[in-house]
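Participant: no sequence on hand, only this structure:
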């Protein structure tokens, strides 16, 4: 495995557990190089007497590297953080090099951690909302003598 040259993006890694088969990556891809297939499965209801849960299950996720232009739109539009850039080069083999989900899954180990947050930055809206909820819950909690 070679390291990619400076300013290259490397390869796309798939974190299969996060993929919900929403198809946003495939729909937004300008080259139509992604193949995403899945099916639905019915599970038990979350609460007794509730409706059965329907979940999407990923059957196939493949990238045709001969069509991909490495634009990164698929990584950017994924709302579930299932796709990442991994710093590795994929050797082109065969006439149409297609990499399946098992191959894409192995690249996740090479995805670098995100950069550290700026300590001088203002807290995110989510962090502020969580802090407000915690303070309200603490105020409502019964006090023990």
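Facilitator: Looks like it arrived, so ask away. From a predicted model like this one, the values you see are computed outputs, not experimental measurements.
Participant: make it CA atoms for all contacts and neighbour counts henceforth
Facilitator: Noted.
Participant: residue boundaries of the helices in this protein?
Facilitator: For the chain, the helices defined by DSSP state H cover 24-28, 73-77, 101-106, 125-140.
Participant: which other residues reach the second one?
Facilitator: To tie it back to what came earlier, the one meant is helix 73-77. By CA atoms under 8 Å, 6 or more residues apart in numbering, the list of residues contacting helix 73-77 from outside reads 12, 24-26, 28-29, 81-85.
Participant: swap in 7 Å and give it another go.
Facilitator: Here helix 73-77 makes contact (CA atoms under 7 Å, 6 or more residues apart in numbering) with 24-25, 28-29, 83-84.
Participant: nearest the middle, which residue of this structure would you pick?
Facilitator: When CA atoms, centre = their mean is applied to the chain, the residue found nearest the centroid is residue 82 (1.3 Å).
Participant: how many neighbours does the nearest residue to residue 111 once chain neighbours are set aside have?
Facilitator: Of all residues not flanking residue 111 in the chain, residue 86 sits nearest, at 4.6 Å (CA to CA, 6 or more residues apart in numbering). Residue 86 has 21 neighbours, counted by other CA atoms under 10 Å.
Participant: same question for residue 38.
Facilitator: 15.
Participant: where's it relative to residue 44, distance?
Facilitator: Using CA to CA, to the nearest Å, residue 38 is found at 20 Å from residue 44.
Participant: equivalent analysis for residue 27, please.
Facilitator: Separation of residue 27 from residue 44 (CA to CA): 31 Å.
Participant: quick one, phi psi at residue 123?
Facilitator: When quoted as degrees, to the nearest 10, the phi and psi of residue 123 stand at phi -60, psi 150.
Participant: tell me who's in contact with it.
Facilitator: Residues counted as contacts of residue 123 (CA under 7 Å, 6+ apart): none.
Participant: what strands flank the strand ranked longest in the chain, and is each parallel or antiparallel?
Facilitator: Scanning the chain for the strand with the most residues, using DSSP state E, yields strand 53-64. Using DSSP bridges, strand 53-64 pairs in its sheet with strand 34-43 (antiparallel), strand 98-99 (antiparallel).
Participant: now do that strand: everything it contacts.
Facilitator: So strand 53-64 is in contact with 20-21, 33-45, 96-101, going by CA under 7 Å, 6+ apart.
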